[in-house]
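# just the structure for this:
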Amino acid sequence: MRVAPLTRAAGAEAGAGEPAIRPLSRGGTPSEQELWKLERHPLDVEVAVRQVYAREGADAIAAVPGETERLKWVGLYPQRQGGDAFMMRIKVPGGRLSAAQIRRIGELAEEFAGGPEDDQVWGNRYCDLTTRQTIQMHWLRIADVPEIWRRLAEVGLTSVQACGDSARNVTSCPVAGIDAGEAFDATAVVEAISRFFTGNRDYANLPRKFKISATGCVEDCARAEINDVGLWPASAADGTLGFNLLAGGGLSDGPRLASDLDVFVRREQAVECVRAIAQLFGELGNRENRGLARMRYLVQELGPAGFREELARRASFELEPAGEQLTKGWRGDHVGVHPQRPDPAGGPSRFYVGASVTVGRLTGRELLEIASLAERLGGGEVRLSVDQNFILAGVAEEDLDELLASPVLQRHSPFPGPFSRGVLACTGSEFCRYAIIETKAAARAWAEQLDRRYAGSAVGDRLGVIRLHVSGCPASCAQPQIADIGLRGATAHRGEAIVEAVDVGLGGRLGREAAFADWVSGALPVAELPAAIGRAVDSFASGSRPGERFGEWARRAPNDDLRATLEGAAQKSDGRR
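Residues are numbered from 1 along each chain as shown. Alright, predicted model coming up:
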């Protein structure tokens, strides 16, 4: 049987007169990674996996210069353990999955994602929900990858360009189309952008990863300000609903909030707008120094006005000034039970239920349970959020009690404590070669410990949700810079020992008053962290103003006082700064 390729031929999506990216337009000496990409197109690795590596094994990959890097273009990373152990990331544009799709992922996890032994915390055969609405499977063998791809393709899923120097999964509001307060449903735009870039060889060799969000939600659910391209809702002077354009956001080292380019993008222009930005980035982005290759450095170099000028040269439509911004604030998550937009045909009321998946980890069996619930009690689909949670939509009011009593929602409650609700964690040293500390198990333990400490107390009732983001290294995959409490992996000396530690940032947020967290304490040993956070919460309780949230208080409090609080020194944090 002939297997359909995951990628498309060059020019498959090219429009009439569409310019190709000229990757070395900037000049200079290309980095080693750029030379690998020029030597052989990264998407060609798909054929090599099918025809060579699946038969000859993982050692054959290591024998080819740059091949481990190219594997990213088909969503594969070697695990920290080395050998024949790989992680696969599955793209889910906008976070929307049918019940059949999430069942298929659960089946694949059960069959192929078994580690050598059960983990003491997680067991085995589990998946991770990510901050870009994707799903990651671990412990895959390279021989099984073609079969996994085949079964994913049967239900319309792919891992192509979930990683690599190309357009990643396009994120959006997870309740698009059912949110009663959204300006418009951007799902069609999200899917069109994803279709254009996925497998498109003409736009699959960019200087670095290219992250896109597009939403009609007015609560910044897609986190536009930290994407390379952010399309968030706006109204043009003639009343047309579309997007205002942000560009150049990102975290990691050198974090930057995206710049407003003063451009209104009509919905039918969105694909062409993002295509033109990809061309701009591909031609003028830095291909000499990987550390300066993200698009935010290009926006910073050119300035928003200069970047806009370059975009105007490449876009096939005339740029018009930004419209009225419709974003009201930053919601943060969709946990809980919420009424959906009323049925225009007058049908019965429906609800969506957001489940809190502490640090985003689910077993294959749990995915099968979720698929069954979606079919039996919901609208037949599952939504993934950028908070590493899942949402079941289309639930009738009379079915809510049965849904909430289901075993999987008893484990992943829609009514969690403030820390369990807000905790995020990257893969960490369990699987990632770059991580300095273990994250998933530790973050869950910290959240549960802190929830127990404040359960039923007056302080606990005031906390609401505490966004505790744990990233194993400076790459910031868990987005610590936008958290109430952001943690970044480090090491510390304690006597003669070197121990796992974290840098601690406080007071990050997105929305109309977006600001990154201030890094107020460095290399705090992880064994001391729960007590340190407890002191900060107690200081918040005694020093905050009426109605003030923890993150707002942390932005107002002096950093020296916050540092002293975290490190246990005598301190007084009364909110002066």
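
# output the strand or helix carrying Gly551 as PDB - backbone C-alpha positions only.
In this assignment (DSSP states H and E), Gly551 forms part of helix 550-556. The C-alpha trace of helix 550-556 is given here as PDB (Å, rounded to 0.1, in the frame of the first residue of the first chain):
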ATOM      1  CA  PHE A 550      -1.400  38.200  44.600                       C
ATOM      2  CA  GLY A 551       0.200  39.200  41.300                       C
ATOM      3  CA  GLU A 552      -0.900  42.800  41.600                       C
ATOM      4  CA  TRP A 553       0.500  42.900  45.100                       C
ATOM      5  CA  ALA A 554       3.800  41.400  43.900                       C
ATOM      6  CA  ARG A 555       4.100  44.100  41.200                       C
ATOM      7  CA  ARG A 556       3.600  46.800  43.800                       C
END
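
# list of residues touching that helix?
With contact meaning CB atoms under 8 Å, 6 or more residues apart in numbering, helix 550-556 is reached by 463-464, 466-467, 484, 506-509, 515, 536-537, 540, 543-545, 548, 562, 575, 577. Where C-beta positions appear, they are placed from N, C-alpha and C, glycine not excepted.

# let me see the mean pLDDT of whichever helix or strand comes after it.
Where DSSP H and E defines the elements, the next helix or strand beyond helix 550-556 is helix 559-567. Regarding helix 559-567, the rounded mean pLDDT is 96.

# what packs against helix 559-567?
strand 518-525, helix 529-543 (3 or more CB pairs under 8 Å, 6 or more residues apart in numbering; DSSP states H and E).

# got these as TSV, with mean neighbour count, mean pLDDT and distance to Leu71 columns?
Below are the helices and strands packed on helix 559-567 laid out as TSV (neighbours: other CB atoms under 10 Å; pLDDT from 0 to 100; distance: least, CB to CB, whole Å):
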stretch	mean neighbour count	mean pLDDT	distance to Leu71
strand 518-525	18	96	33
helix 529-543	19	97	35
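
# nearest to Thr215, out of the ones you listed?
Evaluated over those, closeness to Thr215 peaks at strand 518-525, with 27.8 Å, by CB to CB.

# in its sheet, what does that closest one sit against?
Using DSSP bridges, the strands paired with strand 518-525 are strand 497-506 (antiparallel).

# okay, angle between the strand it pairs with and helix 559-567 too, please.
140 degrees (axes from the mean of the first three to the mean of the last three CA atoms, to 10 degrees).

# now do strand 497-506 against helix 529-543, angle only.
Using the same axes, to 10 degrees: strand 497-506 against helix 529-543 is 30 degrees.

# now strand 497-506: mean pLDDT?
Averaging pLDDT along strand 497-506 gives 96.

# now swap in stretch 216-235 and tell me
Per-residue scores along stretch 216-235 average to 97.

# quick one: end-to-end distance for it.
End-to-end distance for stretch 216-235, by CA to CA, to the nearest Å: 11 Å.

# hmm, back to that, as JSON lines, the helices and strands packed on helix 559-567 with distance to Asp228 would be great.
Listed next are those as JSON lines, based on distance: least, CB to CB, whole Å:
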{"stretch": "strand 518-525", "distance to Asp228": "23"}
{"stretch": "helix 529-543", "distance to Asp228": "32"}
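
# of the ones you listed, which approaches Ala458 most closely?
When the helices and strands packed on helix 559-567 are compared by CB to CB, helix 529-543 sits nearest Ala458, at 7.8 Å.

# surely Leu373 is in a helix?
Yes. Assessed by DSSP: H, G, I helix; E, B strand; the rest coil, Leu373 belongs to a helix.

# which regions of the chain sit below the pLDDT cut-off?
Low-confidence segments of the chain, defined by pLDDT under 70: 1-19, 569-577.

# tell me where the longest helix sits in it.
Secondary structure of the chain per DSSP state H: the longest helix is helix 295-314.

# list the buried ones in that helix?
The neighbour-count check on helix 295-314 (16 or more other CB atoms under 10 Å) flags 295-300, 302, 304, 307-308, 310-311, 314 as buried.

# chain center to it, what's the gap?
On the basis of CA atoms, centre = their mean, to the nearest Å, helix 295-314 sits 24 Å off its chain's mean C-alpha point.

# same check, this time on stretch 509-520
Relative to its chain's centre, stretch 509-520 lies at 17 Å (CA atoms, centre = their mean).

# now do the same end-to-end measure for it.
Stretch 509-520: ends 16 Å apart by CA to CA.

# report the buried residues of that stretch.
Buried-residue list, stretch 509-520, by 16+ other CB under 10 Å: Arg509, Leu510, Gly511, Ala514, Phe516, Ala517, Asp518, Trp519, Val520.

# all the strands of the stretch 301-450 of the chain, residue numbers only.
324-325, 336-339, 350-355, 361-363, 381-384, 390-396, 423-425 (DSSP state E, counting those that start in this stretch).

# and these, which is most packed in?
strand 423-425 (a mean of 30; mean count of other CB atoms under 10 Å).

# direction included, what does that one pair against?
Neighbouring strands of strand 423-425 in its sheet, by DSSP bridges, are strand 468-471 (parallel).

# check which residues of the partner strand are buried.
By neighbour count with 16+ other CB under 10 Å, strand 468-471 contains the buried residues Leu468, His469, Val470, Ser471.

# neighbouring contacts of it?
Contacts to strand 468-471, defined as CB under 8 Å, 6+ apart, come from residues 359, 419, 422-426, 428, 439, 442-443, 446-447, 477-480, 482-489, 502, 533.

# any idea how far it is from the chain center?
Mean C-alpha position of strand 468-471 versus that of the full chain (CA atoms, centre = their mean) differs by 13 Å.

# whatever helix or strand comes next after that strand versus helix 559-567: what angle between them?
Using DSSP H and E, the helix or strand that directly follows strand 468-471 along the chain is strand 485-494. Interaxial angle, strand 485-494 versus helix 559-567 (the same axes, to 10 degrees): 60 degrees.

# show me what strand 485-494 is packed up against.
In terms of contacts (3+ CB pairs under 8 Å, 6+ apart), strand 485-494 is packed against strand 468-471, strand 497-506, strand 518-525, helix 529-543.

# strands paired with that strand, and their directions?
Partner strands and pairing direction for strand 485-494 (DSSP bridges) are strand 468-471 (parallel), strand 497-506 (antiparallel).

# can I get that strand in PDB? Just the C-alpha atoms.
The C-alpha trace of strand 485-494 is given here as PDB (Å, rounded to 0.1, in the frame of the first residue of the first chain):
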ATOM      1  CA  ILE A 485       5.200  33.100  40.600                       C
ATOM      2  CA  GLY A 486       7.700  32.000  37.900                       C
ATOM      3  CA  LEU A 487      10.400  29.500  38.500                       C
ATOM      4  CA  ARG A 488      13.400  28.800  36.300                       C
ATOM      5  CA  GLY A 489      15.800  25.900  36.800                       C
ATOM      6  CA  ALA A 490      19.200  26.600  38.400                       C
ATOM      7  CA  THR A 491      21.700  25.000  40.800                       C
ATOM      8  CA  ALA A 492      22.900  26.100  44.200                       C
ATOM      9  CA  HIS A 493      25.700  25.200  46.600                       C
ATOM     10  CA  ARG A 494      24.700  23.900  50.000                       C
END
